[in-house]
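>>> Need coordinates for the below:
(4 chains)
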There are 4 protein chains.
Amino acid sequence: MTQLKIGQVGLGRLGRIHAQNLSKYIMNAELFAVTSIVPEELDYAKNELGVKHCYTSYTEMINNDELDAVIIVSPSGFHTVQISQALKKGLHVFSEKPIGIDLTTINDLLSELDNHPNTVFQLGFMRRFDDSYLYAKEVIERGDLGEITSMRCYGIDPSEGLPSFINFAKNSASGGIFLDMSIHDIDLVRWFTESEFSTVYALGNSLAAPQLADYNELETGACLATLENGVIVYLLAGRNANHGYHVETEIIGTKGMIRIGNAPEKNLVTVYDDNGVIRPTSTHFPERFKIAFINELSTFVNSIINNEKPTITGNDGLKSTEAAIAMQESFEKNEVVKLAGARI
Amino acid sequence: MTQLKIGQVGLGRLGRIHAQNLSKYIMNAELFAVTSIVPEELDYAKNELGVKHCYTSYTEMINNDELDAVIIVSPSGFHTVQISQALKKGLHVFSEKPIGIDLTTINDLLSELDNHPNTVFQLGFMRRFDDSYLYAKEVIERGDLGEITSMRCYGIDPSEGLPSFINFAKNSASGGIFLDMSIHDIDLVRWFTESEFSTVYALGNSLAAPQLADYNELETGACLATLENGVIVYLLAGRNANHGYHVETEIIGTKGMIRIGNAPEKNLVTVYDDNGVIRPTSTHFPERFKIAFINELSTFVNSIINNEKPTITGNDGLKSTEAAIAMQESFEKNEVVKLAGARI
Amino acid sequence: MTQLKIGQVGLGRLGRIHAQNLSKYIMNAELFAVTSIVPEELDYAKNELGVKHCYTSYTEMINNDELDAVIIVSPSGFHTVQISQALKKGLHVFSEKPIGIDLTTINDLLSELDNHPNTVFQLGFMRRFDDSYLYAKEVIERGDLGEITSMRCYGIDPSEGLPSFINFAKNSASGGIFLDMSIHDIDLVRWFTESEFSTVYALGNSLAAPQLADYNELETGACLATLENGVIVYLLAGRNANHGYHVETEIIGTKGMIRIGNAPEKNLVTVYDDNGVIRPTSTHFPERFKIAFINELSTFVNSIINNEKPTITGNDGLKSTEAAIAMQESFEKNEVVKLAGARI
Amino acid sequence: MTQLKIGQVGLGRLGRIHAQNLSKYIMNAELFAVTSIVPEELDYAKNELGVKHCYTSYTEMINNDELDAVIIVSPSGFHTVQISQALKKGLHVFSEKPIGIDLTTINDLLSELDNHPNTVFQLGFMRRFDDSYLYAKEVIERGDLGEITSMRCYGIDPSEGLPSFINFAKNSASGGIFLDMSIHDIDLVRWFTESEFSTVYALGNSLAAPQLADYNELETGACLATLENGVIVYLLAGRNANHGYHVETEIIGTKGMIRIGNAPEKNLVTVYDDNGVIRPTSTHFPERFKIAFINELSTFVNSIINNEKPTITGNDGLKSTEAAIAMQESFEKNEVVKLAGARI
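Numbers count the residues shown, from 1 in each chain, chains lettered A, B, ... in the order given. Next comes the predicted model:
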């Protein structure tokens, strides 16, 4: 069996998930090398996952000629340049979202990608690989819902993560709640509707964590948008869901409506006790998207082996970032923003 | 508008519900007289509900010649004789279940009822007037579920009532959990299947309230039964639902299954908090069957005014009591009991 | 028992509901007179409901000196003037929403109401009397959800009513989807948050019924708004819910979230068949708000008898209409609209 | 990394699931050999899964000295003897349920197992490895439900499989519905309560497939049982769930109740269309227990590698079979059966 040799940069929370999945569930690939500047993370990779090559420099790692591909889970600001470096070395690339944080650089990167037609490039929009989302996509493509008329997307992180985000925000810029969080929802909207964002109008507040205002961050971000095909979209991003990790997507069509994640049910259990009738909930993204994370890596590896084009392209990275940036701009200027790329 | 004059005996918990409903929601009837031996109850009737005639003797009340009908909400042991007395006075009768507590007396009463073909007699199986049960009945009669193959009936009282039941059990006999509680479920089974109980096998325990054993009572009673038409039925009665008042009925047919009260949802509210995703619950029977109680009285009154036969007859009282007594016998003897009336 | 004599104008769909409720469920009031220009409606009132006085002129009806109060269920355009006429006659007034269709007239009416401090005036925001909404209000006032940070309100009429609305729209102006439908949601937002609308930004489309564009109507209207206290609100109104009558309200607070009507469950039944596991749904507003309609009239009548102030005032009519008109204006101009009355 | 060499006998529906899981998801084991008498099955193993050694004789396969362990997915009648043969060869054994079909042979096998204390033996009760069941087990062990008072277990196969079962039943004996299906539920009851079955009383009918009576089979089997610790248990097995694969387990305790699989929800999707509000369902056991099947094999393999005792022992096989046989006997004799092994 073919065994791709993969190098990964970044071993934070999400980085570990990818590294473990690669080690435990992806039989035709090997986590061959990792890069991190955190000694404990390299120890973990070496001792727990048996990774052979541990680097503190990404450049050094991709100079290892045995590598077939890289997985980029570094901070967002490094994505564009690390993707570009990997392309130059002829490596296939899986990168976490966003593809980049400013549109000029991303546009340049897209040109570069065009010049590597045989290189597999995939962005980490894992929701597209989740069973529930795939089921919804199938329902829609079958025409069961008729024509889509409006959508609603919620992405609300669990309250238990709020203190650590506040801490993070003191020292670092997340890029704003729309780029940091809504980008997954933006991708879903584009995927389900096969249309692009046309106008956005965004609001925000931090009633649940007023100190965020000091760091130019929001606890809640909301956006009302139109797509080029006339569909109306509402997006809500938040950092304070007391009941767990609330990712919900609603698609209203002329013949019916569908919701994915109406409640973030953890499993098939219902508890009946003195609180009422309770569905326990998923408490964080690693739990909610556990299988999706495995599937996306498996798809990436198989695309390389079978020489297939991945379905998530650089353009998906550009368009989702463009919309997220427009939302942030709309919030800051408090006005409706028309997207540059929009054809209307 | 015709206004029937009604006399009611019994003003306990359920008695008050009937009395209030009659006063507030049944426009073509008047709560004209009440009987109780508890002074506070008579005060309540007089002052709060404006009842004109208050008695301490049922016999005296039914001698009031202005009366058109009686509502019997007295302790179970009095039902048969009070029904009989009312019939003799030519009064229409609404009686709470059970129609009686021994089969000989009930059989005699049925003969008496046969002799009063123009008297309206209705038993208090209020569940037949509940929107959810009526909807299920319609689904079944439409044939949506095909032929019924099995049923399951749960009737579990809320835990908050357990201490007061234990107190009650010290001094009084409830007739056993099957006659006290399962009788409603037995009636539903007969109503939905249009068949009669053939054999019963009952078990019980009091793990949740061991002291009940001292009073010959059960916290949980369970029964596996067959009907004459081959349908298999499981009944569970209990006194300790921590989440509220759990009345649930399941009907499995060859084409589908239906559940009424899968969860005893209080309303259309869902709460998402750190306990998970919660549906608040009905906490007691007056809440759960609020509208059904009104509808059953309204039906009784309209049957009298329009000279119609009620759909719940004396025979329903006999058959449900017969099955409940057989269950109690099965539990006590720890053997399968075949019903005398069963044709098999 | 006191029996108020009530005159009602309008016997259309909603008019009949009020008339029937008054006749059947409100014991301390009598539907004494009605006004309609449709002969069949007067026949119905006379023959089915036993109404004694039938008029074709509202003015004539309110000249009947036996009347205590009026119920106004006429077309929206008549509300203000009919309320005003009734006030002058010293009658208590229950009026359907909206209180009026232009702000100047409504303001004048409010001054008039101020001059009748002892007259009971109540607007038909029946949702405030629905068990589920009352439960939610209690949860919020108890502080269980913490401080409110955002809300979402859906009001989507069933598809089965769409053809008749299209027909109606050919000949009449509804005032626009926001004034026609969202006004109920606007009232709920104000009731739950105890704050006023500050800015609104509205969109609309008619993908599900393109012909509506010809009549200046929308099938879907959406609005993103801010309140004076910083809460973010999303409203969606529609005319094409295939699954029934979808009224849903979500309130997100710092400590939890609540949804009323996540699914418009018809009752406590769950059906398991080859379509999956199904909750049947409420199919129209008379079903969904059946009890609420009774409760609101009962409250109105009791307020008169007990000489109490109703909780829904003229100001609620003004503010809700003001917000709805602003939404319509925002949609038409395609820009964010700041409310005149807003203090910010 | 250690790679165990595993030989599997049986490549039917469930056999393929195990073979695929072993090939794709269990990194520290290799599907090294298979035995089947069906040529297509061997072709499949060779070509699709790359299995190196294909046999038509189990005896020949286990003579391959490179093998570490066997997986037995042959017809139930072969289990005991194949387990025994493997033990003699010093092989670790994973066997599908039941461990055997008569109690004497099983007892003999248990003695044999006692003589191989270092051999890993695991039975295929995959439900114990399902996330929802594991969650429920945790809830119970934490004491959240208090003491268990009663249980209910449903195992109903999808209607779509009924025709093929009828076909199968014409030619083969399934052992009866209790041994064929309820055995999984029996194991769950023993696992959750840590108690043994004491008495059983079973009923059955075939209203949904009357022809099954000709083959001595049942469409529906029902059993009311007691455990040695006093817990009351109701089991329902069926072959005709129109909505999919209905496996549901309910545990009632003194402090609360839990249900696993109240509805066999396929995913997190809810569809709102003209049928109502719908949760799509799992349609068969490979879908419902997909992850559990992987987890059980992974546990088996890890137990061998880490030299650990599996939690599902030969005794679990004996006790579950004993109870299932007693249920079948009770149904056939139509009487309550006391279990021989029961201490009461």
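
>>> residues near residue A:110, how many?
Other residues within reach of residue A:110 by the criterion other CB atoms under 10 Å in any protein chain shown amount to 17. Yep, even glycine has a C-beta here, placed from its N, CA and C like the rest.

>>> oh sorry, the question was meant for residue A:104
Neighbourhood size, residue A:104 [other CB under 10 Å]: 8.

>>> same check, this time on residue A:27
When neighbours are counted by other CB under 10 Å, residue A:27 registers 16.

>>> Repeat that for residue A:195.
Around residue A:195 there are 16 other residues, counting by other CB under 10 Å.

>>> cool, and residue A:50?
Residue A:50 - counted by other CB under 10 Å - has 11 other residues nearby.

>>> does it really touch residue A:24, like I thought?
No - shown here, residue A:50 and residue A:24 do not form a contact pair, counting by CB atoms under 8 Å, at 11.2 Å.

>>> Next one: residue A:145 from residue A:252, what distance?
Here the criterion is CB to CB, to the nearest Å. By it, residue A:145 lies 8 Å from residue A:252.

>>> Tell me the residues of chain A that contact chain B?
By the criterion of CB under 8 Å from any CB of the partner chain, the positions of chain A lying close to chain B are A:159, A:241-244, A:246, A:263-266, A:270-281.

>>> Contacting chain D as well, which ones from those?
Contacts with chain D are made by A:264-266, A:270-274, A:280 out of those, judged by CB under 8 Å from any CB.

>>> Assign a three-state SS to residue A:112, would you?
At residue A:112, secondary structure determined by DSSP: H, G, I helix; E, B strand; the rest coil is helix.

>>> Give me the contact status of the longest helix seen in chain A with chain C.
Among the elements of type helix in chain A, defined by DSSP state H, the one spanning the most residues is helix A:314-333. No - using CB under 8 Å from any CB, helix A:314-333 stays clear of chain C, with a minimum separation of 10.2 Å.

>>> how far does the worst-scoring helix or strand of chain A on mean pLDDT sit from the chain's center?
Evaluated with mean pLDDT, DSSP states H and E, the helix-and-strand set of chain A has its lowest mean pLDDT in helix A:162-171, which scores a mean of 93. Helix A:162-171 sits 20 Å away from the centroid of its parent chain (CA atoms, centre = their mean, to the nearest Å).

>>> do stretch A:327-344 as well
For stretch A:327-344, the distance from its own C-alpha centre to the chain's C-alpha centre is 22 Å (CA atoms, centre = their mean).

>>> Could you give me the buried positions within that stretch?
Judged by neighbour count (16 or more other CB atoms under 10 Å in any protein chain shown), stretch A:327-344 contains these buried residues: A:327-328, A:330-331, A:336-337, A:339, A:342.

>>> Is stretch A:123-133 in proximity to chain D?
Yes - among the residues of stretch A:123-133, A:131-132 lie within reach of chain D under CB under 8 Å from any CB.

>>> which residues sit in contact with the residue nearest to residue A:67 when sequence neighbours are not counted?
Spatially, and ignoring its direct neighbours in sequence, residue A:67 is nearest to residue A:7 (4.9 Å; CB to CB, 6 or more residues apart in numbering or on different chains). With contacts taken as CB atoms under 8 Å, 6 or more residues apart in numbering or on different chains, residue A:7 has the following neighbours: A:32-35, A:53, A:61-62, A:64, A:67, A:69-71, A:91.

>>> what's around the residue of the stretch 101-250 of chain A at minimum distance from chain B, how many residues?
When distances are taken as CB to the nearest CB, the stretch 101-250 of chain A approaches chain B most closely through residue A:243, which lies 4.1 Å from it. Counted by other CB under 10 Å, the residues lying close to residue A:243 total 25.

>>> And residue A:229, by the same measure?
When counting by other CB under 10 Å, one arrives at 15 neighbours for residue A:229.

>>> and residue A:118, that's in a helix?
No - assessed by three-state DSSP, residue A:118 does not belong to a helix; its assignment is coil.

>>> how about the strands in the stretch 151-300 of chain A?
Counting by DSSP state E, counting those that start in this stretch, the stretch 151-300 of chain A has these strands, from start to end: A:197-205, A:220-227, A:232-241, A:246-253, A:257-260, A:269-273, A:276-279.

>>> Including mean pLDDT, could the ones you listed go into JSON lines?
Shown next, in JSON lines, are the strands of the stretch 151-300 of chain A (pLDDT from 0 to 100):
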{"stretch": "strand A:197-205", "mean pLDDT": "98"}
{"stretch": "strand A:220-227", "mean pLDDT": "98"}
{"stretch": "strand A:232-241", "mean pLDDT": "98"}
{"stretch": "strand A:246-253", "mean pLDDT": "98"}
{"stretch": "strand A:257-260", "mean pLDDT": "98"}
{"stretch": "strand A:269-273", "mean pLDDT": "98"}
{"stretch": "strand A:276-279", "mean pLDDT": "98"}
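
>>> Could you provide these in CSV, with additional columns for mean neighbour count and distance to residue B:192?
Converted to CSV, those look like this (neighbours: other CB atoms under 10 Å in any protein chain shown; distance: least, CB to CB, whole Å):
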stretch, mean neighbour count, distance to residue B:192
strand A:197-205, 24, 53
strand A:220-227, 26, 49
strand A:232-241, 26, 42
strand A:246-253, 25, 37
strand A:257-260, 24, 33
strand A:269-273, 24, 24
strand A:276-279, 24, 24
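
>>> now the ones you listed in a markdown table, with distance to residue A:108?
Rendered in a markdown table, the data for the strands of the stretch 151-300 of chain A read as follows (distance: least, CB to CB, whole Å):
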| stretch | distance to residue A:108 |
| --- | --- |
| strand A:197-205 | 22 |
| strand A:220-227 | 26 |
| strand A:232-241 | 28 |
| strand A:246-253 | 32 |
| strand A:257-260 | 35 |
| strand A:269-273 | 50 |
| strand A:276-279 | 47 |
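
>>> and of those strands, who's closest to residue B:175?
If you check each of the strands of the stretch 151-300 of chain A against residue B:175 by CB to CB, strand A:269-273 wins as the nearest, at 27.6 Å.

>>> Run through who's touching the closest one.
Where contact means CB under 8 Å, 6+ apart, the residues beyond strand A:269-273 that reach it are A:277-280, B:241-243, B:246, B:263, B:276, B:281, D:132, D:135-136, D:139, D:144-145, D:255-260, D:262.

>>> Can you check what angle separates it from strand D:246-253?
With axes from the mean of the first three to the mean of the last three CA atoms, to 10 degrees applied, the angle from strand A:269-273 to strand D:246-253 works out at 30 degrees.
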